[in-house]
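S.K.: need a structure here:
(one chain, ligands or ions: 1)
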Amino acid sequence: MISLRHVSTTFAARGKEPITAVDDVSLEIPAGSIQGIIGFSGAGKSTLLRNINLLERPTSGEVWIGDTEITALKDEALRRARHQIGMIFQGFNLVNNLTVAQNVELSLKFSGVRDKAERRRRAAEALETVDISEKAKNYPAQLSGGQKQRVAIARALATKPQVLLCDEPTSALDPFTTATVLQYLADINREFGITVVIVTHEMEVIKALADNVAVMENGRVVEQFPAGDLHREGFTPTTSIGRYLVSDGISVNKAGAAVSEDAFDVVAEGVEDYEGEAGPEQQEPGAQRERSIFAAVEGGVR
Ligand SMILES: Nc1ncnc2c1ncn2[C@@H]1O[C@H](COP(=O)(O)OP(=O)(O)OP(=O)(O)O)[C@@H](O)[C@H]1O
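M.R.: Numbers count the residues shown, from 1 in each chain. Purely as a prediction, here's the structure:
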């Protein structure tokens, strides 16, 4: 069980009001389940996900994994606990000058596996899980996006985590490759009992994979429902954002007649709220990426 208790995360912004990216979120994620987190850009999804492994330490509130309060741990205890949490990203975050096998071995090295032969064996096993062993000696630049994401999954799995955090894992992939990657995530969840938390803006991804859904808006979880409801005829989310996300999504009226008011209002609100705010990439691209790679290979935060 992952338990988020009154988690808030505020970012200081120079010369501007601080941004509350996550606002008093409480969420219970059953062990072994797949939790989807969905919402518009800027809703706070990534920040909430990064709160779970303290890649972004919450300003307040508690994060529990099983019986351990992660937010109360420090130093070595925190590093050990964080090795139980794997993470994959939209941009894969592989280390470009290492081979596929070395990328996976590196995360094992950071997690404390001292014996080189054991690192090799476990890396090979993890690559086998996602059927990418034949690329072990290749470099990331020689792989397709789907293959890179499979390597990233292998890297996350190699340390045998209890939890796998997925930040928009398929947003950079075409629909066919997306289906393949989602199938691997479903298999991993079933075979190893790993709890999967997946952030996305695509309801299709949630529909295909998740057990439960949390909808975020303005840093808050505004509604939750079992993902199975999405397959029920006549199911209607309670919030306008939820309804928009389960609707057919974007509709562009090329004839110039009225666009769906509801959809327009929700989008307009979103634009108004987030316009002008620099996203993390815009603020410190190098540092942000470096921290993500570090989190992926090391499972730790400096
Ligand atoms: N490191 C940071 N410093 C300052 N502000 C940040 C930082 N990270 C996120 N934010 C701000 O917090 C808010 C939530 O961002 P977050 O990335 O969590 O949203 P999101 O729902 O994941 O969006 P997206 O789908 O675009 O990734 C945004 O307003 C964003 O600009």
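S.K.: Now do the same for stretch 65-77: mean pLDDT, whole number.
M.R.: What stretch 65-77 shows for mean pLDDT is 93.
S.K.: Which positions in that stretch come out as buried?
M.R.: Across stretch 65-77, burial judged by 16 or more other Cβ atoms under 10 Å covers 65, 70-71, 73. Placement of C-beta: from N, CA and C, glycine included.
S.K.: Check stretch 31-42 too.
M.R.: Going by 16+ other Cβ under 10 Å, stretch 31-42 has these buried residues: 33-40, 42.
S.K.: so which pair among the residues you listed is furthest apart in space?
M.R.: Pairwise distances among the buried residues of stretch 31-42 were taken by Cβ to Cβ; the largest, 26.3 Å, belongs to 33 and 42.
S.K.: where do the helices sit along the stretch 201-302 of the chain?
M.R.: 203-209, 240-246, 261-274, 280-283, 285-298 (DSSP state H, counting those that start in this stretch).
S.K.: Does the first one reach the ligand?
M.R.: No - when contact is scored as Cβ under 6 Å from any ligand atom, no part of helix 203-209 falls within range of the ligand; the minimum is 12.6 Å.
S.K.: ok, residues contacting that helix?
M.R.: 34, 36, 38, 170, 178-179, 182, 185-186, 196, 198, 200, 213, 227, 230-231, 245-246, 249 (Cβ atoms under 8 Å, 6 or more residues apart in numbering).
S.K.: among those residues, which are in reach of the ligand?
M.R.: Near the ligand, by the rule Cβ under 6 Å from any ligand atom, you find none of the contacts of helix 203-209.
S.K.: Now, the buried residues of stretch 65-77 that are in strands?
M.R.: Among these, the ones falling in strands (DSSP state E) are residue 65.
S.K.: and of the buried residues of stretch 65-77, the nearest to residue 131?
M.R.: For the buried residues of stretch 65-77, the nearest to residue 131 is residue 65 (29.0 Å; Cβ to Cβ).
S.K.: if we can go back for a sec, confidence-wise, which of the helices of the stretch 201-302 of the chain is weakest overall?
M.R.: helix 280-283 (a mean of 42).
S.K.: quick one: buried residues of the helix or strand hosting residue 20?
M.R.: Using DSSP states H and E, residue 20 maps to strand 16-29. Buried residues in strand 16-29, counted by 16+ other Cβ under 10 Å: 19-23, 25, 27, 29.
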